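**Q** The following block contains a protein sequence and its predicted model.
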Amino acid sequence: MTRHPGGLFTRRQKQDFSGWNTLRVGMLITIVGALSVAGICAQQQSPKQNNNAPPVAIAVAPVNGTTPSSTPQVSTSQNEIVPIAEAATGNGIDYHGGPLMLTTHNVYFIWYGNWNGNSATTLLPQFMQNLSNSPYFSINTTYEDASNPVKNLGSSVGMSTQTFDVYSQGSALTDTSVRNIVSGAMSRGALPVDANGIYFVLTSKDVSETSPTNPPTHFCTDFCGWHTHASLFGADIKYAFVGDSTQCPNAPTGQPACATLNTTMSPNGNLGADAMVSVLAHELDETVTDPDLNAWYRNVVNGGENGDLCAWNFGPTFTTANGAQANITLAGVNYLVQQDWLNDGGGRCTMASTGNVFFYASAHDQYYGCHGMATGSTTDCNNITDSNDRLICQAVAQHSQTPCSTPVTDRNLQLSCFGIAFAPNFPSNCRDITNPQMQSFCYGVSSGGSPSTPNCSTVADPDARALCNGMALHDTSQCSSISNANDRQFCLGVAGHDGSQCSTISSCPNPSAQAACLDGGGTWNWSTCNCTMPVVCDPADQQACINSGGIWNSSDCTCSNSGCGTQIICEQSPGGPNPAAQLKSRDILQSLAAQ
C-alpha cells in the first residue's frame, strides 16, 4: 500500500478490511484523496505529481532526553535515483516512468513506543537481513527501468542502523507524526540521511495511527501499513509505517486484522511480530519498485502495486513444530509471508523467483519454444507470442547472439540470452545478472556442465535445477524429477534435442489429441482445444469436375456447374462458355450419343 507519501501499502492504496474474502486474494484498494501512501494500505499520489518541495528539516521533541542536532549525518553511500522513461508492460502491472531503487537497499528501523522484552527486536531485523539475495526478494529483480540498456533491480538487502524512540510524538500518531519520527531520528544523528534507504517506523501495540482522510482511516481496522516518500534534509527519503496489530486482533468481519493465517500461534511464538513480518515484506517490495509512487503499479484508478496484487495470498503452507502455519524458511527460521508479484511470463503471485530463463506465459509459447530449441527451427520460435521468449528461442536455435541484440525489455533476460546462446561458453555476460538464481542458471547452462561457481547446483528450485542440469549436460535423465508434465517434456525436448518430446506440451485436457492433430498437419486451436484437419480431395473427382466444365473448390471438395456442363444451350447461346468449355461439353454430348 502507498501513502502520498507512504504505504503497508502506500496511501495510494490503503488496506481495506471491508470484504475479507476479496482481500485474501488481493488487496482491496481505495483511493482516498490527494494525500496518498503506498503499501498494504495507502493511497497513491498521481503518477504525474512530483514532490518538488524544498528540503525542510522538521523539528521534533527531544527523544529520551536528547537534544535534536541541526546537522544530521548524510550517508556517503547514497546514489541518486534519476527519472527515467518507459519500460515493459503486459504482465498485469505497468511502468509509469518513475525511478526505482535499483541497488543498495539499506533498511533502517525506528522502534517507536515500548518494545522492552519483546522478541520482535530480534525477529524482524533477522528476517530483513535474511531476505538479502533470497529467492523471495529476487522476485523484485523482474522489475526494470527504461534506461538504455534497461537495468533490473538488485536483490541485496542490508539491515542497517536501528534506533529507539520512546513516544516522542505521543501514542496517537498521524501521518505527519510518522514523518516527524523519521526526521527526528536523522536530526539527532541516530540515523543517516540516505536516499537509498528505506526507513521503517515500527510501533508497539499501544500506539495508534490515523490518516486524515475523509472520513479518517485507522491502523489495524482500516489498514495495516503504508509507505511513502518526502524531501528531508535535501534528499528524497522513502519511509514506511508498520504497527503491532495485536491491539485489534479482529477486524469488523471477525477475521484476523493485519495478522495472517495464524490466530493463536505463530511460527516464532510472537503473534504481533510474526504478523509484522509479512507487512514489512509487502512494504519493502513496493518501496523498491515504486519509491516515489510513480513507477510500477497496475493503473491509476485502482492502484495495485506489486505487494497489493498478492495481499493476503500466502500460497501453500506447512505446519511448524509449534503448530503454526508458515510458507518460507530463511536461514533456518520459519515465517508466514504473503506472496509477491512476478513481473514475467504474464505475471503471477509467487514465493520465489526460480531463476528459470525459460519460464513461459502459456503452453502455446512453451510448445513452440521447445520445438524451436530442440530442432533448431527459428520458424517455431517465431510462433512465440512473448517477445523476450521469442528472441531467446531464436538465439538458442541458431547458436547466435544476434537475436539478443534486439531490444529485450528485461536486462537480466537479455544477459541470459547472450550467455546461453553460445553454450558451452561460460561467458562473462552472466556476471552482471542481478537475480542470483538466474545468474546461477545462466552460468550453469552456458558452461555446458563444466565445474563453475555459481552453477546449476546453486539453483535453489529443484525443477529449475533439473532443467539447468539437463540443458547443460544434454542429459535427459535429469528431467525425470520435474513434477509438472509440460516442464518435464520441455526439458526432455531441449536437453535431448528431440522435438517429438515437445508434442504433448499443452493446456488442453487431451495433450495426445493435440499432438496427433499437429503431427498430422492439422491446425490446433489453443483456446478451444479443437483440431481442424486440412481437406484432402479425390483427384479423380477434381478432374471430372474440370472435364465437365465445372469449377472445383479444393477447400471442401465440391464442384459447381457454373460452366455449361452437358447443357446444349450453353454451346449455342451468345456469350456462353469459353471455347474450351464448349469443347468439353461437345465431347461429353458426343460420348453420350455414342452410347
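**A** Sure, I can see it. Numbering: from 1, shown residues only.

**Q** going forward, measure contacts between C-alpha atoms and count neighbours the same way
**A** Noted.

**Q** which residue ranges form the helices in the stretch 301-450 of the chain?
**A** Along the stretch 301-450 of the chain, the segments classed as helices by DSSP state H, counting those that start in this stretch run 363-375, 378-381, 387-398, 402-405, 411-421, 436-446.

**Q** Check which helices and strands the fourth one sits against.
**A** Under the contact criterion of 3 or more C-alpha pairs under 8 Å, 6 or more residues apart in numbering; DSSP states H and E, helix 402-405 touches helix 387-398, helix 411-421.

**Q** now for the last one, which elements pack on it?
**A** In terms of contact count using 3+ C-alpha pairs under 8 Å, 6+ apart, helix 411-421 is assigned the packing partners helix 387-398, helix 402-405, helix 436-446.

**Q** then it to CSV, C-alphas only?
**A** Provided in CSV are the C-alpha atoms of helix 411-421 (Å, rounded to 0.1, in the frame of the first residue of the first chain):
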residue,chain,number,x,y,z
ARG,A,411,18.1,-6.8,-18.9
ASN,A,412,18.5,-10.0,-16.9
LEU,A,413,16.9,-12.0,-19.7
GLN,A,414,19.0,-10.2,-22.3
LEU,A,415,22.2,-11.1,-20.4
SER,A,416,21.0,-14.7,-20.1
CYS,A,417,20.3,-14.7,-23.8
PHE,A,418,23.8,-13.6,-24.6
GLY,A,419,25.2,-16.2,-22.2
ILE,A,420,23.2,-19.2,-23.1
ALA,A,421,23.2,-18.7,-26.9
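
**Q** And the contacts of it?
**A** By C-alpha atoms under 8 Å, 6 or more residues apart in numbering, the list of residues contacting helix 411-421 from outside reads 142, 144, 149-152, 357, 388, 391-392, 395-396, 398-401, 404-405, 408, 425-430, 432-435, 438-439, 442-443, 445-446.

**Q** In ChimeraX, select just the buried ones from those.
**A** Typed into ChimeraX, the line below selects the buried ones among these, using 16 or more other C-alpha atoms under 10 Å:
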select :142,144,150,151,152,357,388,391,392,395,396,398,399,400,401,404,408,426,427,429,430,433,434,435,438,439,442,443,445,446
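
**Q** Identify each buried residue in stretch 157-173, please.
**A** 157-160, 162, 164-169, 171, 173.

**Q** Around Gly117, count how many other residues there are.
**A** By the criterion of other C-alpha atoms under 10 Å, Gly117 has 7 neighbours.

**Q** should've said Pro511
**A** So Pro511, with other C-alpha under 10 Å, has 16 neighbours.

**Q** which residues touch the closest residue to it other than its chain neighbours?
**A** In this structure, Pro511 finds its nearest non-sequential neighbour in Thr504, 4.9 Å apart by C-alpha to C-alpha, 6 or more residues apart in numbering. Neighbouring residues of Thr504 by C-alpha under 8 Å, 6+ apart: Asn486, Gln489, Pro511, Ser512, Gln514, Ala515.

**Q** got JSON lines for the helices and strands packed on helix 411-421, with distance to Ser211 and mean pLDDT too?
**A** Shown next, in JSON lines, are the helices and strands packed on helix 411-421 (distance: least, C-alpha to C-alpha, whole Å; pLDDT from 0 to 100):
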{"stretch": "helix 387-398", "distance to Ser211": "42", "mean pLDDT": "94"}
{"stretch": "helix 402-405", "distance to Ser211": "48", "mean pLDDT": "90"}
{"stretch": "helix 436-446", "distance to Ser211": "39", "mean pLDDT": "93"}
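
**Q** between those, which one is nearest to Gly499?
**A** The closest of the helices and strands packed on helix 411-421 to Gly499 is helix 387-398. By C-alpha to C-alpha, the value is 12.1 Å.

**Q** any idea of the pLDDT on the closest residue to Glu144 other than its chain neighbours?
**A** Excluding the flanking residues, the one nearest Glu144 by C-alpha to C-alpha, 6+ apart is Asn152, at 4.1 Å. pLDDT, Asn152: 94.
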